[in-house]
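Q: please work out how this folds:
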Amino acid sequence: MIREQEALGDDPAGSFDAAAVNCLAAFGERGALDRLVDYPFGPADGRKLLGLLIADTVVHSWDLARATGGPEDLDPSLVGWVDDNFEWLYTGVAEGPLDAGSTHRYFAAAAAAPADETCQQRMLRLIGRRP
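A: This next block holds a predicted model:
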């Protein structure tokens, strides 16, 4: 599927629920973490895709909190995991935050780091957010 195509149809919540069920089933298959997948940003094994899914969920949780005026503090253990694994997660991901040739179509360029940056702020900044 091309990213610009409408994927949610007339029932966005139902479409999300179905996608989540399918995703869980795929990761639950024997050997899923070692299987190589033709991912839209480049080939990756299931272990890396699961890591990217975790990172996306953490970052988009912050996005939703920011958009709705909700609390923006994320789970420190999840933030720490994404921050600790950032290079492994995004190395080789075309158009990703570590892609030197990125057009910044999906991720804004990282801003300069402030001196008093927290782990959460660092993770968000590296992914192109402006916390």
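
Q: only C-alpha atoms for contact and neighbour calcs from this point on.
A: Noted.

Q: need phi/psi at Ile127.
A: phi -90, psi 0 (degrees, to the nearest 10).

Q: actually, Asp38.
A: According to degrees, to the nearest 10, Asp38 has phi -80, psi 90.

Q: oh, and call the first residue 330 from now on, that's how I've got it
A: Renumbered: residue one is now 330, and that last one reads Asp367.

Q: can you give me the neighbour number for it?
A: Close neighbours of Asp367, defined as other CA atoms under 10 Å, add up to 10.

Q: go ahead and confirm it touches Val422.
A: No: look at Asp367 against Val422 with CA atoms under 8 Å: they stay out of range, at 11.7 Å.

Q: what about the strands in this protein?
A: Along the chain, the stretches classed as strands by DSSP state E are 365-368, 371-374.

Q: now do the helix ranked longest in the chain, average pLDDT.
A: With residue count as the measure and DSSP state H as the assignment, the chain has helix 375-397 as its longest helix. Averaging pLDDT along helix 375-397 yields 96.

Q: what residues does that helix touch?
A: The contact list for helix 375-397 (CA atoms under 8 Å, 6 or more residues apart in numbering) reads 356, 361-366, 399-403, 407-408, 411, 417-418, 453.

Q: of these, grab the buried ones for ChimeraX.
A: The buried residues among the contacts of helix 375-397 can be selected in ChimeraX (16 or more other CA atoms under 10 Å) with this line:
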select :356,361,362,401,408,411,418,453
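
Q: still on that earlier bit, in CSV: the strands of the chain, plus distance to Ala441.
A: CSV is the format used below for the strands of the chain (distance: least, CA to CA, whole Å):
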stretch, distance to Ala441
strand 365-368, 30
strand 371-374, 28
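
Q: for Asp340, see how far away the spatially most central residue of the chain is.
A: For the chain, the residue nearest the mean C-alpha position is Asp385 (2.2 Å; CA atoms, centre = their mean). Applying CA to CA, to the nearest Å, the value for Asp385 to Asp340 is 22 Å.
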